[in-house]
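**Student:** sequence first, then the predicted structure, then my questions.
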Amino acid sequence: MTTASDADTRTRLILVEDSVLLREGLVRLFDEAGYITAGAFGDADDIVARVTAARADVAVLDVRLPPTFRDEGIRAALRLRAEAPGVAILVLSQYVEGVYARELLAEGEGGVGYLLKDRVTSLEDFTDAVRRVREGGTVLDPVVVRQLLAARPDPLSALTPRERDVLELMAEGRSNATIAQRLHIGVGAVEKNVTSIFQKLRLEESGSDHRRVLAVLAFLQRG
């Protein structure tokens, strides 16, 4: 019987990171986690051809890449979403850039993630993110979520402390079962909180984890 761990060890990744030291460090991290680094590059040129040739399951890209070091990574990720939709995408950024996170998440039905580079220092967090995007989930860095929440204090004032905790985990792309585990409450209690959150924020309720993330981001980006 194939286990989740066995599936992870067969995951093929392609890495695009301009810093040689960080790129080599990430390759070592991938190796330690049991992944196959099928390609490691310093720029996003010919990204679709590279991913196809590498038969990659997941593409990990820095946001700012040569030649302008602005948004080459995001543009490459969006190109992959359009031309290689079966490849999961995990974007890394040095800073919280909510606009980029929203643009990436809005392109497709999951299998995408946005993490801060500091997150890759934790092997457990990073491998969890890779696994979730490969399985079609949505991953949004908790630091990004907290900053977006902090920027919208007034509309969130109607939420209870528990509802705010649930909302933060929803925005990270967590399922009801995972939220229940994190908060040490029952799944039924989570479902009630989710329903209340959508009602209070006047958001359309959805059973899709990815759509839930989009709904929350849409609310947080208003103004």
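**Tutor:** Yes, it's here. Numbers count the residues shown, from 1 in each chain.
**Student:** okay, helices next: where are they in this structure?
**Tutor:** Applying DSSP state H to the chain gives helices spanning 4-9, 20-33, 47-54, 72-83, 98-105, 123-134, 142-150, 161-171, 176-183, 187-201, 209-220.
**Student:** of all those, which one is nearest L90?
**Tutor:** For L90, the closest of these is helix 123-134, at 5.4 Å, according to CB to CB. To be clear about C-beta, it is placed using only N, CA and C from the backbone, and glycine gets the same treatment.
**Student:** list the buried residues in the closest one.
**Tutor:** Within helix 123-134, the residues scored as buried using 16 or more other CB atoms under 10 Å are 125-127, 129-134.
**Student:** likewise for stretch 10-29?
**Tutor:** By 16+ other CB under 10 Å, the buried positions in stretch 10-29 come out as 11-18, 23, 26-27, 29.
**Student:** which of these lies closest to R212?
**Tutor:** Using CB to CB, T11 comes nearest to R212 of those, at 25.1 Å.
**Student:** follow-up on the earlier one: in TSV, list the helices of the chain along with mean pLDDT and distance to Y114.
**Tutor:** Shown next, in TSV, are the helices of the chain (pLDDT from 0 to 100; distance: least, CB to CB, whole Å):
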stretch	mean pLDDT	distance to Y114
helix 4-9	48	21
helix 20-33	91	16
helix 47-54	96	17
helix 72-83	92	9
helix 98-105	76	4
helix 123-134	89	9
helix 142-150	76	7
helix 161-171	90	11
helix 176-183	95	18
helix 187-201	91	21
helix 209-220	71	10
